[in-house]
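[1] Give me a model of this one.
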Amino acid sequence: MGSVRIWLMAARPRTLPAGIAPVLVGTALAAADGDFALLTFLAALLGAIFIQIGANLSNDYSDARRGADTEDRLGPVRVTAGGLVPPKTVLIATYVTFALAVLCGVYLIYVAGWGILAIGAASILAGVLYTGGPRPYGYDGLGDLFVFLFFGVVAVAGSYFVQTETITWVALAFAVPVGLLAAAILAVNNIRDAATDARVGKRTLAVRLGRDRMRSIYAAELGAAHVIPPVVWLAGGASAWTLLVLASVPMAAGLVTTVREHDDGPTLNGALARTGLLQLVFCLLLSAALLLGR
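    Numbers count the residues shown, from 1 in each chain. Got it, this is the predicted structure:
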């Protein structure tokens, strides 16, 4: 393999919508309220992307050291466990990527205040401790909760805050479906890897509850994500344009069926990628609805 392809594998581009989508929603909501600064948006977007890639690299390194990425896993090859990149090099790349995220954060602190420092530091720490540190929370079934919080509530509300320097109930409400879809991405990943994770002591929620219950949670996450925006509209927090998000319901329904009926790696890998795409489509529709309804 060429080095560019190897590093793309390490960055896991299929997971990047989880970092991009919430920034789009938070920024669109701020723009609908009359606050938008292009450089602030770009800094928030790049910072989110670098944190996502840094977390992926940290996860690659830590899982390999703990022996979690075995040869019989159904997912794509991980570069550290697969011997494609030396562990030290992956660790250095992790540091560099997080450093780039910090540079973006410095500008955001300048425009929005020191509160951004706490948000950025917590986000980076959550990415590292997912599979790193003395007791990684991803090994205790808490990954879904943290993904919901940091790729939903924190990311959307934070993106809104750097533009407006305030938080509203509408921003928090719209953060919930974004976080649910991010957690759904992790759910597919853990459903796929449940058997191999159990063998190496990685007790994800799918391992603790079983694949069938996790499939039900996945379906509930996709369903609730599509119900919440209309509820916000009915509560007077947004315009009827918010109903645009319902255009992604057929895509969500197809994914629920696929995840329920298949156990094989290739099919679930495809479902994982399409769940990431669903989140991006949903958030693009929601962002467009917010701007159209301003």
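
[2] For the lowest-mean-pLDDT helix or strand in the chain, name the packing helices and strands.
    The weakest-scoring helix or strand in the chain, judged by mean pLDDT, DSSP states H and E, is helix 3-11 (a mean of 85). Counting contacts by 3 or more CB pairs under 8 Å, 6 or more residues apart in numbering; DSSP states H and E, helix 3-11 is packed against helix 38-66, helix 87-112. Yep, even glycine has a C-beta here, placed from its N, CA and C like the rest.

[3] what's the angle from that helix to helix 38-66?
    Calculated by axes from the mean of the first three to the mean of the last three CA atoms, to 10 degrees, helix 3-11 forms an angle of 90 degrees with helix 38-66.

[4] List the buried residues of helix 3-11.
    W7, M9, A10, A11 (16 or more other CB atoms under 10 Å).

[5] Now do it: distance to the chain's middle.
    Remark: helix 3-11 is offset 19 Å from the chain centroid, using CA atoms, centre = their mean, to the nearest Å.

[6] Let me see the mean pLDDT of stretch 211-227.
    Averaged over stretch 211-227, pLDDT sits at 97.

[7] what sits up against it?
    Contact with stretch 211-227 is made by 144, 176-178, 180-181, 183-184, 187-188, 190-191, 194, 205-206, 209, 245-246, 248-249, 252, 255-256, 259-260, 263, 278, 282, as judged by CB atoms under 8 Å, 6 or more residues apart in numbering.

[8] Grab the CA positions of that stretch and hand them over as PDB.
    Presented in PDB, the C-alpha positions along stretch 211-227 are these (Å, rounded to 0.1, in the frame of the first residue of the first chain):
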ATOM      1  CA  ARG A 211     -26.500  -7.900  19.600                       C
ATOM      2  CA  ASP A 212     -30.300  -8.100  19.400                       C
ATOM      3  CA  ARG A 213     -30.900  -5.500  22.100                       C
ATOM      4  CA  MET A 214     -28.200  -3.300  20.600                       C
ATOM      5  CA  ARG A 215     -30.000  -3.500  17.200                       C
ATOM      6  CA  SER A 216     -33.200  -2.300  19.000                       C
ATOM      7  CA  ILE A 217     -31.200   0.600  20.500                       C
ATOM      8  CA  TYR A 218     -29.900   1.500  17.100                       C
ATOM      9  CA  ALA A 219     -33.400   1.500  15.600                       C
ATOM     10  CA  ALA A 220     -34.600   3.700  18.500                       C
ATOM     11  CA  GLU A 221     -31.700   6.100  18.000                       C
ATOM     12  CA  LEU A 222     -32.600   6.600  14.300                       C
ATOM     13  CA  GLY A 223     -36.300   6.900  15.100                       C
ATOM     14  CA  ALA A 224     -35.900   9.400  17.900                       C
ATOM     15  CA  ALA A 225     -33.500  11.500  15.800                       C
ATOM     16  CA  HIS A 226     -36.200  12.000  13.200                       C
ATOM     17  CA  VAL A 227     -39.000  12.700  15.800                       C
END
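
[9] if I look at V200, how far off is R5?
    From V200 across to R5, the span is 27 Å (CB to CB, to the nearest Å).

[10] let me redo that: W233
    W233 is 44 Å from R5, by CB to CB.

[11] And for L280?
    In terms of CB to CB, L280 sits 23 Å off from R5.

[12] Count residues in the vicinity of R213, would you?
    12 (other CB atoms under 10 Å).

[13] mind checking how far T166 is from S239?
    20 Å.

[14] who has more neighbours, these two?
    Of the pair T166 and S239, S239 is the one with more neighbours under other CB under 10 Å, namely 14 against 11.

[15] Surely the more buried one is in contact with L291?
    No: using CB atoms under 8 Å, S239 is not in contact with L291; the gap is 10.3 Å.

[16] about what we covered before: will you turn the helices and strands packed on helix 3-11 into a markdown table that also has distance to L268 and mean neighbour count?
    Output for the helices and strands packed on helix 3-11, formatted as a markdown table (distance: least, CB to CB, whole Å; neighbours: other CB atoms under 10 Å):
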| stretch | distance to L268 | mean neighbour count |
| --- | --- | --- |
| helix 38-66 | 18 | 22 |
| helix 87-112 | 25 | 17 |
